[in-house]
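Peer 1: Predicted structure and sequence below. I'll ask about it afterward.
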Amino acid sequence: MTAGGVNAHFPARYWHALDDGRLQCDLCPRNCKLHEGQRGLCFVRKCEQGRMVLTTYGRSSGFCVDPIEKKPLNHFYPGSSVLSFGTAGCNLACRFCQNWDISKSREFDRLCDQASPEQIAASAARLGSASVAFTYNDPVIFLEYAVDTATACHARGIKTVAVTAGYVHGKAREDFFPAWMPSTWI
């Protein structure tokens with residue numbers, strides 16, 4: 001299903017089929033084991049037609065231009081602006097979460113904005129933002145969208161920032177924080 005050129009049920013990486021017919025999500029250490037139609041704890045990774053999909057690809061809970069100083073960074077482009085966005089859901093269950101209304105929402109409750117990775121990069125450039133931040137909920141759960149957005153941003157010379165707890169399996173971590181990260185993401 002696509003809307004505005006955005007695939008709402010994007011093929012997810014990091015999963016495998018189990019002998020009992022379920023799929024195991026291999027993105028984070030929760031290792032959610034899903035029957036057809038079920039979603040993981042994050043709520044945005046779903047077993048659909050015998051494959052794992054990301055239901056929030058290209059869909060956001062909102063975009064905001066912030067001063068970079070609002071992010072947990074030290075001397076990263078001081079005085080610049082950052083285009084911030086996140087999706088719905090989260091693989092964590094922090095009782096103190098300041099964004100619980102986003103991180104514990106169902107994507108159909110909170111996802112009101114749509115943008116492809118290229119549209120986000122173009123918007124950041126148009127707005128004069130030196131960087132794009134994946135934030136509000138843990139971006140590990142929308143890894144495919146974050147990686148594609150980082151690639152689109154890098155092509156325009158825009159840096160990317162992931163505000164994450166890093167609760168992710170090793171192989172997925174390699175994609176999320178690749179060896180080339182220092183020269184392209186930061």
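Peer 2: Thanks, I have the structure now.
Peer 1: Give me the buried stretch members for the longest helix along the chain, please.
Peer 2: The longest helix of the chain (DSSP state H) is helix 143-155. Judged by neighbour count (16 or more other CB atoms under 10 Å), helix 143-155 contains these buried residues: 143-150, 152-154. Quick note: C-beta positions are derived from backbone N, CA and C, even for glycine.
Peer 1: after that helix, next one along is what?
Peer 2: strand 159-162 (DSSP states H and E).
Peer 1: could I get that next one in CSV with only the CA atoms?
Peer 2: Output of strand 159-162 as CSV, limited to C-alpha atoms (Å, rounded to 0.1, in the frame of the first residue of the first chain):
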residue,chain,number,x,y,z
LYS,A,159,24.4,15.2,8.5
THR,A,160,22.1,12.8,10.5
VAL,A,161,21.7,12.2,14.2
ALA,A,162,20.1,9.2,15.8
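Peer 1: Next, the buried residues of the very next helix or strand once past that strand.
Peer 2: On the C-terminal side of strand 159-162, the nearest following helix or strand under DSSP H and E is helix 170-176. For helix 170-176, burial by neighbour count (16+ other CB under 10 Å) applies to 172-173, 176.
Peer 1: so what's the residue lying closest to residue 153 once chain neighbours are set aside up against?
Peer 2: Excluding its sequence neighbours, the residue lying closest to residue 153 (CB to CB, 6 or more residues apart in numbering) is residue 121, at 4.6 Å. By CB atoms under 8 Å, 6 or more residues apart in numbering, residue 121 lies in contact with 132, 149, 152-153, 155-156, 158.
Peer 1: residue ranges with poor pLDDT in this structure?
Peer 2: Within the chain, the segments meeting pLDDT under 70 span 1-8, 100-111, 179-186.
Peer 1: where do the strands sit along it?
Peer 2: Using DSSP state E, the strands of the chain run over 2-3, 6-7, 10-11, 15-17, 23-25, 33-34, 45-48, 51-54, 59-60, 62-67, 81-86, 113-114, 131-134, 159-162.
Peer 1: can you tell which of those strands is closest to residue 74?
Peer 2: Between residue 74 and the strands of the chain, the tightest spacing by CB to CB is seen for strand 159-162, at 12.0 Å.
Peer 1: What helices and strands are in contact with the closest one?
Peer 2: Under the contact criterion of 3 or more CB pairs under 8 Å, 6 or more residues apart in numbering; DSSP states H and E, strand 159-162 touches strand 131-134, helix 143-155.
Peer 1: okay, now the domains of the protein?
Peer 2: If you go by automatic domain parsing, the domain ranges for the chain are 7-54, 59-184.
Peer 1: Mind putting the strands of the chain into a markdown table with mean neighbour count and distance to residue 75?
Peer 2: Formatted as a markdown table, those follow (neighbours: other CB atoms under 10 Å; distance: least, CB to CB, whole Å):
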| stretch | mean neighbour count | distance to residue 75 |
| --- | --- | --- |
| strand 2-3 | 11 | 39 |
| strand 6-7 | 18 | 35 |
| strand 10-11 | 16 | 35 |
| strand 15-17 | 14 | 38 |
| strand 23-25 | 22 | 36 |
| strand 33-34 | 16 | 42 |
| strand 45-48 | 24 | 35 |
| strand 51-54 | 21 | 33 |
| strand 59-60 | 25 | 28 |
| strand 62-67 | 14 | 14 |
| strand 81-86 | 24 | 14 |
| strand 113-114 | 14 | 30 |
| strand 131-134 | 25 | 13 |
| strand 159-162 | 22 | 13 |
